[in-house]
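**Q** what follows is a predicted protein model with its sequence.
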There are 2 protein chains.
Amino acid sequence: MNKKSLKKGKLPQATIARLPVYLRSLVMLANKGEQIVSSDILAQLAGTNAAQLRKDLSYLGEFGTRGVGYEVDQLINEMSKWLGLLRDRKVIIVGLGRLGGALVGYQGFSQRGFKIVGAFDRDPAKIGMVTDGVLVRSMEELEDFVKNTPGGIDIGIIATQASSAQSVANKMINAGIKAIINFAPITIDVPADVVLRQVDLSVELQILSYYLQKE
Amino acid sequence: MNKKSLKKGKLPQATIARLPVYLRSLVMLANKGEQIVSSDILAQLAGTNAAQLRKDLSYLGEFGTRGVGYEVDQLINEMSKWLGLLRDRKVIIVGLGRLGGALVGYQGFSQRGFKIVGAFDRDPAKIGMVTDGVLVRSMEELEDFVKNTPGGIDIGIIATQASSAQSVANKMINAGIKAIINFAPITIDVPADVVLRQVDLSVELQILSYYLQKE
DNA sequence: GCATGTGAAGCGCTTCACAGCA
DNA sequence: TGCTGTGAAGCGCTTCACATGC
């Protein structure tokens, strides 16, 4: 058996980013009643190639049957384990503009176990309102809310303007949050023990724009 | 002078993905009135390191002054040129759920020259409505709309459910659109001459989840 | 002196090609 | 025979370290 799987060592970053895509494809197969899948088929569903998929899976362990393929349920289970998805994750969001508002109600989050348990905004007009079952609180309440939530808050979503993003991140970090996703169009700094993902929607369009003019 | 810049050859993919982030930082500096910036400062603002930045810039040409730094305005100009941002881009969006609705009004798009000129949905209750100055049309109108828009449509945004995403993409491609960004949580296929970017918000949270359990 | 520009080295990821096994 | 699992080769990107030039 594979040494790396025994040691539960770190996976390559590129592999980590693909696991959720594999998982998404596997859940789709399971919903269709498929029980077995080959690396060829799964790779196609996930938008990659069979060699890549098999190499990725080899970091997790040995789950396939040669000449046959992989059990869909088993792969779902293993990947969920590796991704830490066997339990729900508690999430808060700051900034209830239109993007933030859409994210609070986004079905894709709750379906996959990401529960938005708190929402915060600095606009007094929004504070006290309830959207999608979540009460909007003031920024001053953030730290206490995080500290008083049993088990803590796993992930903080920043959906504010660029000018507020860094100070919001600082508040989250002070409150003890260790994972942040930032939708504001600015680069924010976090300490080494905090994981950060930046998602700038305009950046995605600009990348497309580059490729458009190359033709 | 650099041969690659003369030939306007292709840039490394990783560099392309960073250019919009540099540009964002440079525009911020320009707004603050800064005229000169060093690779050290700009790299920090963009969340990378000076060597990386200088290497990236070297693919575009030679713009710096040794011992001094780079002219902010000149870099903005060069990067805009390389990213094809010297003219506005016409964009359509399909799917006016909460995420789609938020994207139609997203200031970050229009500010950066991405103009949403058409919106489409299959829900009769939404067709005919106007959001953010954009009329919502039926799916049947999509192809004619794209073909009758002078200069064509540059980019199509898919913000539908996963189950509709591939057929929406096919409609866009048939209408002649060459760049697509897909927010639906499913992998879609496009021909080789169409550029595609997949943005799955749940995938981002799942990646964070992986890192959370590693501590 | 100081910051840029860049070959060269280093590193991580992807792809290949085939051994291993049902 | 057919598909997995994996060393090894190949490739692209990052980092280094220093020559270059204001």
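**A** Thanks, I have it. Residues are numbered from 1 along each chain as shown, chains lettered A, B, ... in the order given.

**Q** does the helix ranked longest in chain A reach DNA strand D?
**A** Taking DSSP state H as the criterion, chain A has its longest helix at helix A:13-31. No. Helix A:13-31 lies out of reach of DNA strand D by Cβ under 7 Å from any atom of the strand, never closer than 10.8 Å. In this view, the C-beta of every residue, glycine as well, is placed from N, C-alpha and C.

**Q** show the subsequent helix or strand relative to that helix.
**A** strand A:36-37 (DSSP states H and E).

**Q** are that next one and DNA strand C in contact anywhere?
**A** No. No part of strand A:36-37 sits near DNA strand C under the criterion Cβ under 7 Å from any atom of the strand; the closest distance found is 12.0 Å.

**Q** interface residues of chain A facing DNA strand D?
**A** A:2, A:38-40, A:50-51, A:54-55, A:57-58, A:62-70.

**Q** repeat that for 6 Å
**A** A:2, A:38-40, A:50-51, A:54-55, A:57-58, A:62-64, A:66-70 (Cβ under 6 Å from any atom of the strand).

**Q** from those residues, list the buried ones, please.
**A** A:39, A:57, A:64, A:69-70 (16 or more other Cβ atoms under 10 Å in any protein chain shown).

**Q** and DNA strand C, which of the residues of chain A next to DNA strand D contact it?
**A** Answer for those near DNA strand C (Cβ under 6 Å from any atom of the strand): A:51, A:55, A:66-67.

**Q** hmm, which two among the residues you listed are most spread apart?
**A** Farthest pair in these (Cβ to Cβ) is A:55 and A:67. Separation: 19.1 Å.

**Q** looking at the residues of chain A next to DNA strand D, which are in strands?
**A** residue A:70 (DSSP state E).

**Q** can you flag which of the residues of chain A next to DNA strand D belong to helices?
**A** Filtering these for helices - DSSP H - leaves A:39-40, A:50-51, A:54-55, A:57-58.

**Q** with pLDDT added, can I get the residues you listed in JSON lines?
**A** Below are those laid out as JSON lines (pLDDT from 0 to 100):
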{"residue": "A:39", "pLDDT": "98"}
{"residue": "A:40", "pLDDT": "98"}
{"residue": "A:50", "pLDDT": "98"}
{"residue": "A:51", "pLDDT": "98"}
{"residue": "A:54", "pLDDT": "98"}
{"residue": "A:55", "pLDDT": "98"}
{"residue": "A:57", "pLDDT": "98"}
{"residue": "A:58", "pLDDT": "97"}
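
**Q** most widely separated two among those?
**A** Maximum pairwise distance in those, criterion Cβ to Cβ, is 15.9 Å, between A:40 and A:58.

**Q** pick out the residue of chain A closest to DNA strand D.
**A** Among all residues of chain A, residue A:64 sits closest to DNA strand D, at 2.5 Å; criterion: Cβ to the nearest atom of the strand.

**Q** show me what contacts residue A:27?
**A** Going by Cβ atoms under 8 Å, 6 or more residues apart in numbering or on different chains, residue A:27 touches residue A:76.

**Q** and chain A, what are its domains?
**A** Here the domain parsing of chain A from automatic domain parsing is A:3-82, A:89-204.

**Q** now do the same end-to-end measure for the last one.
**A** The first and last residues of domain A:89-204 sit 27 Å apart, counting by Cα to Cα, to the nearest Å.

**Q** what about that domain, near chain B?
**A** Yes. Judged by Cβ under 8 Å from any Cβ of the partner chain, domain A:89-204 comes into contact with chain B through A:89, A:91, A:98-99, A:101-103, A:105-106, A:108-109, A:111-112, A:114, A:154-155, A:178-181, A:185-187, A:189, A:193, A:195, A:197-204.

**Q** and that domain, how far out from the chain's middle?
**A** Domain A:89-204 has its C-alpha centroid displaced from the chain centroid by 13 Å (Cα atoms, centre = their mean, to the nearest Å).

**Q** the helices in chain A, which residues?
**A** In chain A, the helices defined using DSSP H lie at A:3-7, A:13-31, A:39-46, A:50-60, A:72-82, A:98-104, A:107-111, A:142-148, A:162-175, A:201-213.

**Q** in the sheet, who's paired with residue A:197?
**A** Note on residue A:197: beta-bridge partners by DSSP bridges are residue A:181.

**Q** before we move on, the earlier item: could the helices of chain A go into CSV alongside distance to residue B:84?
**A** Below are the helices of chain A laid out as CSV (distance: least, Cβ to Cβ, whole Å):
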stretch, distance to residue B:84
helix A:3-7, 43
helix A:13-31, 26
helix A:39-46, 30
helix A:50-60, 30
helix A:72-82, 38
helix A:98-104, 25
helix A:107-111, 31
helix A:142-148, 40
helix A:162-175, 23
helix A:201-213, 4
